[in-house]
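K.L.:
3D model of this:
(chains A, B, C and D)
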4 protein chains.
Amino acid sequence: MLSSKKKYIVNGNSGIKAQQIQFADQKQEFNKRPTKIGRRSLSRSISQSSTDSYSSAASYTDSSDDETSPRDKQQKNSKGNSDFCVKNIKQAEFGRREIEIAEQEMPALMALRKRAQGEKPLAGAKIVGCTHITAQTAVLMETLGALGAQCRWAACNIYSTLNEVAAALAESGFPVFAWKGESEDDFWWCIDRCVNVEGWQPNMILDDGGDLTHWIYKKYPNMFKKIKGIVEESVTGVHRLYQLSKAGKLCVPAMNVNDSVTKQKFDNLYCCRESILDGLKRTTDMMFGGKQVVVCGYGEVGKGCCAALKAMGSIVYVTEIDPICALQACMDGFRLVKLNEVIRQVDIVITCTGNKNVVTREHLDRMKNSCIVCNMGHSNTEIDVASLRTPELTWERVRSQVDHVIWPDGKRIVLLAEGRLLNLSCSTVPTFVLSITATTQALALIELYNAPEGRYKQDVYLLPKKMDEYVASLHLPTFDAHLTELTDEQAKYLGLNKNGPFKPNYYRY
Amino acid sequence: MLSSKKKYIVNGNSGIKAQQIQFADQKQEFNKRPTKIGRRSLSRSISQSSTDSYSSAASYTDSSDDETSPRDKQQKNSKGNSDFCVKNIKQAEFGRREIEIAEQEMPALMALRKRAQGEKPLAGAKIVGCTHITAQTAVLMETLGALGAQCRWAACNIYSTLNEVAAALAESGFPVFAWKGESEDDFWWCIDRCVNVEGWQPNMILDDGGDLTHWIYKKYPNMFKKIKGIVEESVTGVHRLYQLSKAGKLCVPAMNVNDSVTKQKFDNLYCCRESILDGLKRTTDMMFGGKQVVVCGYGEVGKGCCAALKAMGSIVYVTEIDPICALQACMDGFRLVKLNEVIRQVDIVITCTGNKNVVTREHLDRMKNSCIVCNMGHSNTEIDVASLRTPELTWERVRSQVDHVIWPDGKRIVLLAEGRLLNLSCSTVPTFVLSITATTQALALIELYNAPEGRYKQDVYLLPKKMDEYVASLHLPTFDAHLTELTDEQAKYLGLNKNGPFKPNYYRY
Amino acid sequence: MLSSKKKYIVNGNSGIKAQQIQFADQKQEFNKRPTKIGRRSLSRSISQSSTDSYSSAASYTDSSDDETSPRDKQQKNSKGNSDFCVKNIKQAEFGRREIEIAEQEMPALMALRKRAQGEKPLAGAKIVGCTHITAQTAVLMETLGALGAQCRWAACNIYSTLNEVAAALAESGFPVFAWKGESEDDFWWCIDRCVNVEGWQPNMILDDGGDLTHWIYKKYPNMFKKIKGIVEESVTGVHRLYQLSKAGKLCVPAMNVNDSVTKQKFDNLYCCRESILDGLKRTTDMMFGGKQVVVCGYGEVGKGCCAALKAMGSIVYVTEIDPICALQACMDGFRLVKLNEVIRQVDIVITCTGNKNVVTREHLDRMKNSCIVCNMGHSNTEIDVASLRTPELTWERVRSQVDHVIWPDGKRIVLLAEGRLLNLSCSTVPTFVLSITATTQALALIELYNAPEGRYKQDVYLLPKKMDEYVASLHLPTFDAHLTELTDEQAKYLGLNKNGPFKPNYYRY
Amino acid sequence: MLSSKKKYIVNGNSGIKAQQIQFADQKQEFNKRPTKIGRRSLSRSISQSSTDSYSSAASYTDSSDDETSPRDKQQKNSKGNSDFCVKNIKQAEFGRREIEIAEQEMPALMALRKRAQGEKPLAGAKIVGCTHITAQTAVLMETLGALGAQCRWAACNIYSTLNEVAAALAESGFPVFAWKGESEDDFWWCIDRCVNVEGWQPNMILDDGGDLTHWIYKKYPNMFKKIKGIVEESVTGVHRLYQLSKAGKLCVPAMNVNDSVTKQKFDNLYCCRESILDGLKRTTDMMFGGKQVVVCGYGEVGKGCCAALKAMGSIVYVTEIDPICALQACMDGFRLVKLNEVIRQVDIVITCTGNKNVVTREHLDRMKNSCIVCNMGHSNTEIDVASLRTPELTWERVRSQVDHVIWPDGKRIVLLAEGRLLNLSCSTVPTFVLSITATTQALALIELYNAPEGRYKQDVYLLPKKMDEYVASLHLPTFDAHLTELTDEQAKYLGLNKNGPFKPNYYRY
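P.N.:
I've put the predicted structure just below:
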């Protein structure tokens, strides 16, 4: 097991956005689990996800006064259908508008719908899904529907559901079971309502975190006989699948869509290049020009942060443990230091390592007054925030997501999001990034559903490179970008198919 | 064979510096080769390499008046040793100074020497080498010597030998057989003198292009019984090795050092980021600011060219065939176009695709007056230069490496290096980049020589990631860069060894 | 008059942040003004300023339920003093904390206080001020106090007062007359309470917009006999002063601090480089990478916007009327176009010209769906927003400061801040920028107050370059920046005083 | 005199390219000069200029074997004309081609020729010129001819003449008196041949350095009666003119074209941004990535150097004496240090201050091995090169323009161009930059020649801003740049003329 763990854990080092990473010590196993530990880790799983919920996941309309549990309500959509459970079906109109706005920024899914007018590549597919329920997910679900699939859906996070969007989906006839603020019991109840249906049995699973998969394994193992495959997006869920596979218990093919090139580059490099600036501005209104910043970790996330801050006139130092990434930092124009060398002089400390205790109490003690400390990397382990919860230090909440931690001598450290992910807590994820993920998921479902017998075995697969390239190509029109086509002669010369794939699997981009 | 070819060829696509790439149609096979074709392709191999010789490979001192063939001379070094063949042993002093200067910029090799003062990891190694003979190679050879090895050396290119350096090596006792301007017959004679020696038999091969390996296969196949391994640097040579392996004829382990991360990044991205500017300036003295440029291909080379020109104030367009690289170009701020869309308006056209006929006569006909056309990518296939050698066009050589091709209506196209590689023809390769390559070679030799029985079989291997990281770490002191070390606790948390490797093999950097 | 107007107006062209610019057609004259028009333009002046109030100028604590006018309340501070009029003296503690936080980012003023511990350069000064009342202004006021001055203060804007800060100032004994949400009548009443006092007569004026100066001219002209000078910060106020001067009616020296180098560079280039990103993100959550943007105007503001967006991976086009700025745009790597050439293809339109109707209805009609339109330049004249208020177009407010304007065919334009200044409406001004302004004001007061008789006549002066340099030098410690000092020999060689000024007045920086 | 000197000298501070600066201690005065000193300073003037001659000023064709002085030769052009004196009239054809190539990159002058087909704004003008004689100057001269002027020309530098170009001009009928390698006596003889002609008297002077003006003042003072004006390009010459003016001895209007915006920005910021990279590469083949560099001076030249090196991945430190420039460096992302703080760690030291002894022997003693030292700022005063000419240090010339200075302990400093200007010695000036200068000169001649009586008095003038804008507008087509025109309504709103000028004189760009 150690080698398999290592295989994925190192992936997260040097800056993979680690909100999706769950490490060995926090991890439940699906089988052989004693009830108590099972419960504990399960609930921990939920609460961990919930702390990382998107900041944009606030409810649009004010319905907080309604205290009745959705499970106790009788609701019907305008067509008289009641196979759903949402907060308030009346919010459907508002949610529909949000979905329509999202559609405009998800051209790839809309293109898939268009191409599917003739053929229905998912005709006959019965997809059960468990993801964040947002306007972008709704566009995905309605695309799957347009491609011929039937869907039933639950939320993968007890806080992240947008009630209006869930209502809009229910109104259009999707059996959706989700609301913002579910209890743990609600959480599993919703999932169960998706799979445990009279006269309907899923043949595809779309999961984000592995809870849905886990539930079916635990409660309805026989269902897997009809299931053609699992598509999993998160590092956590992918890790669980590899464990199942290693233990010989994975009984259907699974697709790991987390490690596709486009997803990785957009989730990490390109998205963080923007969100580091956004997160810092929204919380502190600081000026970047001339500020001294140390960025811990020069993986994709660190590269994005460094590039952005350098461009805005900050002076950026980098720390690294990996000499190759370190050499890249040098060639890109950053002084490579140990944290101790610069900790007294910097104005901002940013962690992007996927590691733990990168910023220790000792470092915090040595920082100068007004130093800003934040985390772009891993759940909430990178900064040793716990070490700050001692009697001699005073905490002062100055804004949402901004605490001043005050030393006895009056020195203040500005801690953002209590050490949780700045990019999720204090910034937003652009729809365009979510579009890439959603398109990847849709294509993975189509691939698994239509693959000829025998192409995929009971194992975990990466998305075929050709599909990765296809996802990219579907997003090029957004930029009015015009791809060049190989001539026959050129394709022959290069030994390539004109339609790709264009690179070997190990190509680094 | 097709799949194996594809495997390597695609590697070259989108900008791998293709001087090292030799494609199927130009390639000799080692076996089953009919004599005539064998001779032809052999000589073509030589001449192709020679056209790509480094521009810096000019002889420092003027000894061109000496017309006697070195093979006909009787030369002894100051200790009376005559086991070498160079142009003029008297040039040794000048060459020694060049070597000393190079030593200062190759700190990693010097560090290896220092660490070897206690142990001699290559004690007993008998290395026969065939590479470019330059000051940097000399530092490598003398490092191998310091590590305990005995070496014999020939040149891998008939033009690239620096006679003074060869003389300096001969003077210090290295059996070197090489001079600038060898004939084809000389070329093979020199190689033969390295391996065909009384009382000395090599047990390691260091090759660049595969000619030495080929010669031993052909002439002294029994020698392989004692040979522990081959280290090969070039794409061409690596390709030959994979073919041998595929045909089941590789009889010793071989190390492909061409595809290590550091080598790739430095040879392509970082080096080209600088050499594109240098090559254009030295040839045309043009101003970059405000110029419209189209860069064909957004692989590592294209990324380097685009970044540099954008930084200098050029307006850069990109063409690509691969949608993933295309999307990267978009996110990096470049308009993705087809060449035809911008060909009338651009001031500069740069090819970095590894493809052929990317710039056709039709494109050239449509370019505006004074448009500069050059190639950073592949031998001389990317621009269809042959199509310009027609009677209606006039060629005017205005400087070394600069031709004006003049249309009947007076329009001039400025063609650089006749479509050969700008970075090699009109720029220089920094010693630091060569240092990374040389260190990688030295470590690969040490690894193969010391590997326990059975670690490596009769196959082609990539440098272990840990060694790649070690090469990087040896170059960090150049930048006064300070690496952070994992604590025990952190290493355990990440599931990593504190000394690396720090990333899985598929990590993209 | 035309030439004098031109002198100032052109200053604002090509991107001076025009919130401070008031043009001829909107401008009241102090003299010869018929009562009615006078009133109208006066009230317009107020309302114009109020629409441009800082977004950060929201009250921190919720006291909106208190409907009693401060003028009707009896309030005393803890020392029994009642010479002030603020919303609620009990908010003083909260305001004090805000002031303390601001102090930490205004090191230059704190340095001035420290240096003043020995000498009191403003001892005897009686300053009446009329500015925005924010934490930063409070730091300025308390600095003036520490330098020896007595101050009385009113707000220059009916909306921008932070009630808590005003309370804190009143609590420490400053006679402050200001609250958020004054009526026009309140506005003048507050100003009057500052100047019309028994036994206290001002000898210095610090004004922002010219309303205070105007009031004294109109009501208490005799007061000018004792006044040593006026310091004015805004373009509007400066323009009024030049008019007075031209008409021969300026009866004291005045200092134009608007045009100092540091203020200009920070208010425009450096501040906008950051606020364009911030303003767009906060309103639209868009991704910058790959977006096509047209920036109208390449003055300091345009330069800042272009640099930031280019760095974030946008493709930026520029429009200009001035060929010199246009050539700079070219050399900086931007395609110079007419708006019509790119209006159909861009994703974002940003105006920074200081001009009017730069974006017309015709342009808006041709924009593509989802195009974002915003203004960084001048009040609200640059985009012809009025032309969008026609029956066939639907406006939809989707967020604060974000409207969708919907065409009959469904096309949506995303209009930010209704065409008002994005940087003020949807972003914040960093304290560091305000620090530079406040320090400049303090030094101007010191200079005017201490200048020997005859140095300044009844005219408008620019801050002496030496003082501009001094402001800069006071801000260097923030960046831990170490200035080099000329040796005697070098100073002699350059013909410079070692303490500056270091450049001639026309130097362009 | 001190204040006048200061006025110009400070202009050069912080990085004005100081090849054009001549300081008080090196300066001859035109009047009251005792013969001997006059001669001495005159010859010093020549030799100083000669050391700064363009590196590109090498003769194209090899005619160095011809030792006969041109003054002793009888030469006629193909039309039988012999009113010229050049090295070899037979080289005309080669020179003509160079001129034709230059024409293609000087579109502004070609545009002036075209516009002049109808009117001849210089009809009747008799221009005597004294400048570098290069292909670019030839384009200027032939443009002046096309505009109606008669010209006679000498070289302003004894080394910089391109013999082939001079021959081409002579062949087309221009009376040119210049060759590469003139003696001092030749120098003045050539100038005299231009002005001392039977039946021809100049009415305009175009000077570069002031020697021609000086000669006429000294020898033919009466000539000034007919002279309508002087156009002077160099800092030296401009300084001489201001001195004359101050002394009341300037008897005609003079135009200072050195301080126009476009010239300054191109000669300094934009040109140096490219030439720093070019100069370093051509001399040292170094890699920029990861190198630590200190740039002394953050004026236009320093800004250009810093921007380029940062973009190439160097880590850049800045030193400054002026707090305003220092603050700009901070905001642009550079650590502001004193030289001593970083001198031990940097790989490259670049001076751009216009000051003297910025790099002292003490600094040089502390630099690390292989540190590169070069000057982009002022003649040869910035680095105290003299201090290195001591017995304990060994100088080794390793390449043209590259010396190794070796300390007793073996440490080597790499000194470029012996401390003279790197950009002139080791790089080239792009034709485009020279085009801007030449166009400015042409327009200044037209302005002075056509100005109505009384517009210009016996004083030194800056080019009217409108002309500066016109120069810029003539260069926009090179970039296919499209300027926007103000509407009548907008022009009125801004109080501007639609044709400019668009900015007040103090605008900083």
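K.L.:
tell me what the host helix or strand of residue A:102 is packed against?
P.N.:
Using DSSP states H and E, residue A:102 maps to helix A:92-104. In terms of contacts (3 or more Cβ pairs under 8 Å, 6 or more residues apart in numbering or on different chains; DSSP states H and E), helix A:92-104 is packed against helix A:135-146, helix A:163-171. Just so you know, the C-beta spots here come from the backbone N, C-alpha and C atoms, and that holds for glycine as well.
K.L.:
the first one: what's the following helix or strand?
P.N.:
Taking DSSP H and E as the definition, the helix or strand that follows helix A:135-146 towards the C-terminus is strand A:150-155.
K.L.:
list of residues touching that following strand?
P.N.:
For strand A:150-155, the surrounding residues in contact (Cβ atoms under 8 Å, 6 or more residues apart in numbering or on different chains) are A:125-133, A:137, A:141, A:144-145, A:161, A:169, A:174-179, A:182, A:187, A:190-191, A:193-195, A:197, A:200, A:202, A:212.
K.L.:
quick check: phi and psi at residue A:412.
P.N.:
With angles defined as degrees, to the nearest 10, residue A:412 sits at phi -120, psi 130.
K.L.:
in space, what's closest to it - neighbours in sequence excluded?
P.N.:
Distance criterion Cβ to Cβ, 6 or more residues apart in numbering or on different chains; nearest residue to residue A:412, sequence neighbours excluded, is residue A:404 at 4.6 Å.
K.L.:
so what's the residue count around that neighbour?
P.N.:
Residue A:404 has 18 neighbours, counted by other Cβ atoms under 10 Å in any protein chain shown.
K.L.:
pretty sure it contacts residue A:395?
P.N.:
Yes. Look at residue A:404 against residue A:395 with Cβ atoms under 8 Å: they come within range, at 7.3 Å.
K.L.:
and the stretch 301-450 of chain A, which residues reach chain B?
P.N.:
Residues of the stretch 301-450 of chain A found near chain B (Cβ under 8 Å from any Cβ of the partner chain) are A:319-331, A:335-339, A:341, A:354-358, A:381.
K.L.:
strands along the stretch 301-450 of chain A, start to end?
P.N.:
Here the stretch 301-450 of chain A has its strands, by DSSP state E, counting those that start in this stretch, at A:315-319, A:335-336, A:348-351, A:372-375, A:394-399, A:402-406, A:412-416.
K.L.:
counting contacts, what elements does the third one pack onto?
P.N.:
Which is strand A:348-351. Judged by 3+ Cβ pairs under 8 Å, 6+ apart, strand A:348-351 is in contact with strand A:292-296, strand A:372-375.
K.L.:
please save the CA atoms from it in CSV.
P.N.:
Presented in CSV, the C-alpha positions along strand A:348-351 are these (Å, rounded to 0.1, in the frame of the first residue of the first chain):
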residue,chain,number,x,y,z
ILE,A,348,3.6,38.2,2.3
VAL,A,349,4.0,34.5,2.8
ILE,A,350,2.2,32.1,0.5
THR,A,351,2.3,28.3,0.8
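K.L.:
okay, now residue A:123: neighbour count?
P.N.:
For residue A:123, using other Cβ under 10 Å, the count is 12.
K.L.:
so for it, what's the nearest residue that isn't a sequence neighbour?
P.N.:
residue A:148 (3.5 Å).
K.L.:
got the residues of chain A near chain C?
P.N.:
So chain A meets chain C at A:56, A:101, A:104-105, A:270-271, A:273-274, A:277-278, A:281-282, A:285-290, A:292, A:307-308, A:311-313, A:345, A:369-370, A:398, A:412, A:427-428, A:430-433, A:478-481 (Cβ under 8 Å from any Cβ).
K.L.:
buried subset of the residues you listed, written for PyMOL?
P.N.:
Selection of buried members from the residues of chain A next to chain C for PyMOL, criterion 16 or more other Cβ atoms under 10 Å in any protein chain shown:
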select buried, chain A and resi 101+105+270+271+273+274+277+278+281+282+285+286+287+288+289+290+292+307+308+311+312+313+370+412+427+428+430+431+432+433+478+479+480+481
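K.L.:
relative to chain B, how far out is residue A:503?
P.N.:
Using Cβ to the nearest Cβ, to the nearest Å, residue A:503 is found at 6 Å from chain B.
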